[in-house]
Every structure is written in structure tokens, then in C-alpha cells.
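Participant: Give me a 3D structure for the following:
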Amino acid sequence: MFDINQGIIFNIIKKAREINIADDLTLPENRDDLSDAEWEQLLAEYQDDLSYQELKDLINELEPDQQQDVIALMYIGRGDFTKNEWIEARHQANAIKIANRAYYLISKPMLADYLTEGLAVFGYSCEE
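Facilitator: Next up is the predicted model:
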């Protein structure tokens, strides 16, 4: 079940709230095959944002299984899966290439809200 350090999630939420990814960011249908350069181009307007860089680094420094958990938690918080479907959510998250996971997460304008809701589903609060 959910087994990632809450402090890590709190840090990701905090950094995600500091950047404002546009709601109208248009992502290609087949995101899994995007190269780093293509992701960089999609998120180009955020490249000089220190919070963007810190969030990207924070996610990239996680172990692959931790990244997978963060994505699965986002799916649950977004309502794609229920708490009881954690294994299925992790399986879906595993389909995202490891090299693309930070970009994939950052491209979600409501990432902080989804992760906060995901934590709430598991009985955790993100109040500071």
C-alpha cells in the first residue's frame, strides 16, 4: 500500500504550489514517447522558474518506485482510482517512462491539489 515518506509528498506539493502551470497547457496524445528535449520545449516558459527547477530536481532525485508512488497518489487524488485500487494505480504509473516522470507530473496544473487529495484519501493531512 501507500509507502512513501509524507515529507517528500509535502515538499512536492509545496513546490508545485509555487509554480503556476497554465491550465491550457496542450500535451500531445502520446506523451510517453516524448524525449527530454520535447518535454523541455512544452514546458519552456517555466525553465527559468527556480521553483520549477527545484520541483523537477526533487522528483528526479526520487527512486523510480517512489516516483511511481507519487504518480499513483496523483491518480487517486484526481479520482482515476480508489484507495482500494492502489496496485492498479501503481501499475498505470509504471507505464510512464522513468525519464519522463518529472515532466509528466509537473505538466499537471493541479498537481498540488491532486496530491493533497490523494493524501486525504489515505487519512493524511497536508496542513502546515
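Participant: Show the model's pLDDT score for Tyr104.
Facilitator: Tyr104 is assigned 88 on the pLDDT scale.
Participant: Which residue, neighbours along the chain excluded, lies closest to it?
Facilitator: Leaving aside its chain neighbours, Tyr104 sits nearest to Ile96 (5.2 Å; criterion: CB to CB, 6 or more residues apart in numbering). C-beta coordinates here come from the backbone N, C-alpha and C atoms, glycine included.
Participant: and the one you found, helix, strand or coil?
Facilitator: Put simply, Ile96 is coil when judged by DSSP: H, G, I helix; E, B strand; the rest coil.
Participant: Going along the chain from the worst-scoring helix or strand of the chain on mean pLDDT, find the next helix or strand for me.
Facilitator: Lowest by mean pLDDT, DSSP states H and E among the helices and strands of the chain is helix 36-42, with a mean of 58. Counting by DSSP states H and E, the next helix or strand C-terminal to helix 36-42 is helix 50-60.
Participant: Between helix 50-60 and the helix or strand harbouring Ile12, find me the angle.
Facilitator: Using DSSP H and E, Ile12 falls within helix 6-18. Using axes from the mean of the first three to the mean of the last three CA atoms, to 10 degrees, the inter-axis angle of helix 6-18 relative to helix 50-60 is 150 degrees.
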